[in-house]
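Asks: Quick check, what structure comes out for this input:
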Amino acid sequence: MDYAVAIGITVGLAGGVLLGYFPARATSRFLGRKSPHPRVVAGFVALGFIAAIPVIFFPAFAVGGNIGGGSGAFVSEAVGLGSIGVPLGIALGIAIVFAAGLTLGAVLGGFIGYAVSLAFKKKVAA
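Replies: Numbering: from 1, shown residues only. Predicted coordinates:
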């Protein structure tokens, strides 16, 4: 069971990064189209995404792992499969919380980058 939980944690972290990457990329493209300096926006989106990793790491385990593991155990016990749902629930819970935190960091970084890019445009034009 220890290996199954370790694999669930690993899959949850990797899945969370992957699920957080797609909204970050969409944010970068959306705000980049409206910005006078799209590379500045993309850089701030990446910076927000990377800066959110250590911030959301513990809550992903504490909140996502506990709620996901408990939910997985409840569902698998209700179906009659024993405790096989615990690693699956842990992986899903960690992935959801980690992806939400990374997406939030990327969106905040994107808005800051957009504001910086607009300020940069005004300084260049003046």
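
Asks: Now stretch 16-31: buried residues?
Replies: 16-17, 19-20, 23-24, 27-28, 31 (16 or more other CB atoms under 10 Å). No exception for glycine: its C-beta is placed from N, CA and C like everyone else's.

Asks: Output these as TSV; include the columns secondary structure, pLDDT and distance to residue 42.
Replies: Shown next, in TSV, are those (DSSP: H, G, I helix; E, B strand; the rest coil; pLDDT from 0 to 100; distance: CB to CB, whole Å):
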residue	secondary structure	pLDDT	distance to residue 42
16	helix	92	21
17	helix	93	18
19	helix	93	19
20	helix	92	16
23	helix	93	14
24	helix	93	10
27	helix	89	10
28	helix	91	5
31	helix	88	9
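
Asks: what's the farthest-apart pair in the residues you listed?
Replies: The most widely separated members of the buried residues of stretch 16-31, counting by CB to CB, are 16 and 31 (22.4 Å).

Asks: Need the contact partners of stretch 45-52.
Replies: Contacts of stretch 45-52 from elsewhere in the structure, counted by CB atoms under 8 Å, 6 or more residues apart in numbering, are 20-21, 24, 27-28, 31, 101-102, 104-110, 112-113.

Asks: Inside helices: which ones of those residues?
Replies: The helices, defined by DSSP state H, take in 20-21, 24, 27-28, 31, 101-102, 104-110, 112-113 from the contacts of stretch 45-52.

Asks: For the nearest residue to residue 63 once chain neighbours are set aside, grab phi and psi.
Replies: Closest residue to residue 63 apart from its sequence neighbours, by CB to CB, 6 or more residues apart in numbering: residue 97 at 5.4 Å. With angles defined as degrees, to the nearest 10, residue 97 sits at phi -70, psi -40.

Asks: neighbours of residue 97, just the number please.
Replies: 22 (other CB atoms under 10 Å).

Asks: per-residue pLDDT, it?
Replies: As predicted, residue 97 sits at a pLDDT of 94.

Asks: isn't it right up against residue 16?
Replies: Yes. Assessed by CB atoms under 8 Å, residue 97 is found in contact with residue 16 at 7.2 Å.

Asks: what touches both of the two?
Replies: Contacts common to residue 97 and residue 16, judged by CB under 8 Å, 6+ apart, are residue 60.
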